[in-house]
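Trainee: Test case, fold it:
(2 chains)
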Amino acid sequence: MKKVSEIMERREFILAGGLIGAGAVAAGAVIVKDRMATPSKDPTGEKTVRNLMALKDLKPQHNEDDHIRMQRELATAMSKPVEKRRWIMVIDLRKCVGCQACTIGCVAENKLPPGVVYRPVIQRETGEFPNVQLHFLPRPCMHCENPSCVPVCPVKATWKRPDGVVVIDYDKCIGCRYCLNACPYGARTSDFGRNYTSNEAQGAPEGKDRPISGAPAPWEGLPSNEYGKSWNRKDHGSPVGNARKCHFCLHRLENGLLPICVTTCIGRATYFGDSNDQDSMVVELVTRNNVQTLLPHWDNKPKCYYIV
Amino acid sequence: MTKQDYSSDKIQGGSGLGNQWTPILWLVWIFFLIAGIVGVVLRMTHGHNAAGYGSYVPWGLWIGVYFLGVGISGGSFILGGLGYLFGVEGFSKSSDLRCAIVLSLAAILPAFLGVWLDLGRMDRLMNIIVHPSFTSMMAFNAWMYNIFMVVAVLCWFLSFKQKTSWLKPLLTLGMFFSIVFPSQSGVFFEAVRTNEFWRSPLLSMLFFVSAITLGAGSLLFVRAATAPKSSSRADKAYLDSAFRVLRATILIGLIVYVVFEFAEFSITFWNPGVYSPNTEYLLFGGYWMVFWVLHLGVGVVAPLILLASRSRGAWFLGSLLSIVGFGAARLCILVPGQVVGQIPGLAEAFQDPRLSYSYHITAMEYLVALLMISVAMTIFYIGAKLNQLVESRY
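Mentor: Numbering: from 1, shown residues only, chains lettered A, B, ... in the order given. The predicted model follows:
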């Protein structure tokens, strides 16, 4: 064993200290830089204003249908710049009948492959026979104010837009699935590249809609329109391999349409709107005292509210 | 470069690949390589569908092996570096340092292979380096590993020179990384702030202690397995000194790890208000065998008994078992942390094999893990041969 003075010469000691110090400072600097709030890279301002014609001139009426009202308020919200809107969803659990129309509507709208789901409806049975009751809990992405999924992404592929919607850039995502682990709601699923028809109808005669030798049926190759782009899963194209989640149907909002889960809800249990509009239906609903959020103890501040 | 630039202490450090273990190691390597290639072919043809992980349990065996490799890498580098700097008997020669560096690189490179194969978009691997977000521990670790590897390679080159003022500073920097990145592997899990099971500051300590123990175990294993068949009495005594130091390190490391682990789990038992379904799953549920048999039995008790003996053969086996046991320990952190959903009934809400809170390692995953081991063996073999080649030329 060497004496302490023999371990390193003065020059070597200074060099070692300098290298470690420089490394620590550089590491601290990049972490602080990325931790600091930076201006959004999403387009903002006047170019995000949408003058939607649908229902624009329709005056509010007494006892009007909830959907007509939300549609009207959507057009009003879209006429503001994106940073002035704040989308939220409200689900009235007392009205939900567990029909799963929202789940299926979402699968159809976003052309979700097997194993990818944005809005499952959780069913729970309570009580003992004959006093039993079924409870239903639709679970979209919560679009949290303080999302735990965003900071863990190693490539800045997921972020919170100025209107509060947490989005994923399918062209950036590397499919590490860190965000899947970070979401306490299980709202993110990975697209493992499966198709519904790959292993179906083996040996059946070939035809227009008939898959051949394990290949998916042609309709599975149709592109989805998430985030207003055309995504084709053919030949391992994105979003295959990516994390996927509910995005409040941004592509529909841009065209003045409510999210598909809202329009397909047969019990009128799902509400959607701009929480910055104090006269909106969603603000009216969330200011009641029977509103809850899921897993509030994590301080994610979900923007999906449940009326119980 | 003159002849005097190179150290003269060839082979004696224990990198001479020519003892009785060589045929067995060759057989193991060939088997692992062939099995691993089959695994990779399955991975490429079936994608992730041949794996057991899914959307609710997103990480599986490869991530466990990845953190095992990172631990071995950091631990062997820090032990080799400390031994060299402080002139510890059995570690003081530059060939000993090179052996530790080569082992460190051989452990970390296949770890990346596992992570790469685990990615959903393998074609975008470099995004993590080119477009990193340092709010994520994954990006931070990726950068740290890469810088560490550069430093390790530089140290390896400089170790052949007798007069250089850069070796010790770079070695110190490498050791700094070796302390930081294994403990940051714990933070990798701790940073998931919404996971009760992972959100414990003790995880960093567990990962660091396991890294030191793994480094000692793997150094003892490779130095015993690659020790020259015929060497002088002095060389044998020198090697034995290294074995004794490494043995003591493993013994202490194993005990400290178990004490920390007990501290972690005992909260659940002594605080009646705390209920952890994850801990219950680990200790008494579906993972009891991995924890009690593989991790504690094979990985702690058996090595403690073997290393307490005086037989060098028992030490060799004990070191190997401690590595296997830490592999199981990694899974004991990884899997129970994922199998308990926070919203009851979610897995039943939308039925699919990929939407399940259970994880069973598949054959394809095992085969790819074997490839990772065979790649590690290949890199170590090439590195050790390179050491010999350069040393013998001068």
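Trainee: Identify the residue spatially nearest to the closest residue to chain A within the stretch 51-200 of chain B, adjacent ones excluded.
Mentor: The stretch 51-200 of chain B approaches chain A most closely through residue B:120 (2.0 Å), counting by Cβ to the nearest Cβ. (Each C-beta comes from the backbone N, C-alpha and C, glycine too.) Of all residues not flanking residue B:120 in the chain, residue A:175 sits nearest, at 2.0 Å (Cβ to Cβ, 6 or more residues apart in numbering or on different chains).
Trainee: if I pick that neighbour, what's in contact with it?
Mentor: The contact partners of residue A:175, taken as Cβ atoms under 8 Å, 6 or more residues apart in numbering or on different chains, are A:190, A:241, A:242, A:243, B:119, B:120, B:121, B:124.
Trainee: Now do the strands for the stretch 101-250 of chain A: every range, in order, please.
Mentor: For the stretch 101-250 of chain A, the strands defined by DSSP state E, counting those that start in this stretch occupy A:121-128, A:131-138, A:158-160, A:166-168, A:189-190, A:243-244.
Trainee: okay if I get these as a markdown table plus mean pLDDT?
Mentor: Shown next, in a markdown table, are the strands of the stretch 101-250 of chain A (pLDDT from 0 to 100):
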| stretch | mean pLDDT |
| --- | --- |
| strand A:121-128 | 94 |
| strand A:131-138 | 95 |
| strand A:158-160 | 95 |
| strand A:166-168 | 97 |
| strand A:189-190 | 97 |
| strand A:243-244 | 97 |
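Trainee: Please tabulate those strands in CSV, including the columns distance to residue B:249 and mean neighbour count.
Mentor: CSV is the format used below for the strands of the stretch 101-250 of chain A (distance: least, Cβ to Cβ, whole Å; neighbours: other Cβ atoms under 10 Å in any protein chain shown):
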stretch, distance to residue B:249, mean neighbour count
strand A:121-128, 50, 13
strand A:131-138, 52, 14
strand A:158-160, 42, 20
strand A:166-168, 45, 23
strand A:189-190, 40, 27
strand A:243-244, 41, 28
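Trainee: Is it possible to get those out as a markdown table so that each row also shows distance to residue B:111?
Mentor: Converted to a markdown table, the strands of the stretch 101-250 of chain A look like this (distance: least, Cβ to Cβ, whole Å):
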| stretch | distance to residue B:111 |
| --- | --- |
| strand A:121-128 | 37 |
| strand A:131-138 | 40 |
| strand A:158-160 | 25 |
| strand A:166-168 | 27 |
| strand A:189-190 | 21 |
| strand A:243-244 | 22 |
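Trainee: could I get those as CSV with distance to chain B?
Mentor: CSV is the format used below for those (distance: least, Cβ to the nearest Cβ, whole Å):
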stretch, distance to chain B
strand A:121-128, 4
strand A:131-138, 8
strand A:158-160, 9
strand A:166-168, 12
strand A:189-190, 4
strand A:243-244, 8
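Trainee: of all those, which lies closest to residue B:144?
Mentor: Closest to residue B:144 of the strands of the stretch 101-250 of chain A is strand A:158-160 (Cβ to Cβ; 22.4 Å).
Trainee: what's the closest one packed up against?
Mentor: Judged by 3 or more Cβ pairs under 8 Å, 6 or more residues apart in numbering or on different chains; DSSP states H and E, the packing partners of strand A:158-160 are strand A:166-168.
Trainee: mind listing what the strand it packs on pairs with, with the direction of each?
Mentor: strand A:158-160 (antiparallel) (DSSP bridges).
Trainee: what are the ranges of the helices in chain B?
Mentor: Remark: helices assigned in chain B by DSSP state H are B:22-46, B:61-85, B:94-118, B:127-130, B:137-158, B:167-190, B:202-225, B:233-270, B:277-283, B:288, B:302-308, B:312-334, B:346-349, B:363-393.
Trainee: how about these in TSV, adding mean neighbour count?
Mentor: Formatted as TSV, the helices of chain B follow (neighbours: other Cβ atoms under 10 Å in any protein chain shown):
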stretch	mean neighbour count
helix B:22-46	15
helix B:61-85	27
helix B:94-118	24
helix B:127-130	16
helix B:137-158	19
helix B:167-190	23
helix B:202-225	26
helix B:233-270	17
helix B:277-283	19
helix B:288	13
helix B:302-308	19
helix B:312-334	22
helix B:346-349	19
helix B:363-393	19
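Trainee: Would you mind putting those helices into TSV with distance to residue A:290 and mean pLDDT alongside?
Mentor: Below are the helices of chain B laid out as TSV (distance: least, Cβ to Cβ, whole Å; pLDDT from 0 to 100):
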stretch	distance to residue A:290	mean pLDDT
helix B:22-46	49	94
helix B:61-85	42	95
helix B:94-118	44	95
helix B:127-130	45	94
helix B:137-158	39	94
helix B:167-190	36	89
helix B:202-225	39	94
helix B:233-270	35	91
helix B:277-283	29	90
helix B:288	43	95
helix B:302-308	58	96
helix B:312-334	40	95
helix B:346-349	23	94
helix B:363-393	47	93
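Trainee: Need these in TSV (columns: distance to residue A:20).
Mentor: Formatted as TSV, the helices of chain B follow (distance: least, Cβ to Cβ, whole Å):
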stretch	distance to residue A:20
helix B:22-46	37
helix B:61-85	13
helix B:94-118	18
helix B:127-130	22
helix B:137-158	11
helix B:167-190	5
helix B:202-225	17
helix B:233-270	24
helix B:277-283	37
helix B:288	43
helix B:302-308	33
helix B:312-334	28
helix B:346-349	46
helix B:363-393	26
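Trainee: Now do the contacts for residue 236.
Mentor: Since no chain was named, I'll use chain A. Counting by Cβ under 8 Å, 6+ apart, residue A:236 makes contact with residue A:193.
Trainee: Look up how far residue B:234 lies from the closest residue to chain B within chain A.
Mentor: Closest approach between chain A and chain B, counting by Cβ to the nearest Cβ: residue A:175, at 2.0 Å. Per Cβ to Cβ, to the nearest Å, residue A:175 is found 55 Å from residue B:234.
Trainee: Would you mind listing where the stretch 51-200 of chain A has pLDDT under the threshold?
Mentor: For the stretch 51-200 of chain A, the stretches with pLDDT under 70 are A:54, A:56, A:199-200.
Trainee: which parts of it sit against chain B?
Mentor: Within the stretch 51-200 of chain A, the positions near chain B by Cβ under 8 Å from any Cβ of the partner chain are A:103, A:114-117, A:120-124, A:137, A:139, A:148, A:151-156, A:172-178, A:180-186, A:188-194.
Trainee: Kindly give a single ChimeraX line that selects the buried subset of those.
Mentor: Per 16 or more other Cβ atoms under 10 Å in any protein chain shown, the buried members of those correspond to this ChimeraX selection:
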select /A:103,114,115,116,117,120,121,122,137,139,148,151,152,153,154,155,156,172,173,174,175,176,177,178,180,181,182,183,184,185,186,188,189,190,191,192,193,194
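Trainee: Sort out for me which of the residues of the stretch 51-200 of chain A next to chain B are in helices.
Mentor: A:103, A:178, A:180, A:181, A:182.
Trainee: out of those residues, who's nearest residue A:305?
Mentor: residue A:103 (19.3 Å).
Trainee: give the contact list for the closest one.
Mentor: Counting by Cβ under 8 Å, 6+ apart, residue A:103 touches A:117, A:119, A:120, A:121, A:138, A:261, B:350.
Trainee: Nearest to residue A:273 among the strands of the stretch 101-250 of chain A would be which one?
Mentor: Using Cβ to Cβ, the nearest of the strands of the stretch 101-250 of chain A to residue A:273 is strand A:131-138, at 16.7 Å.
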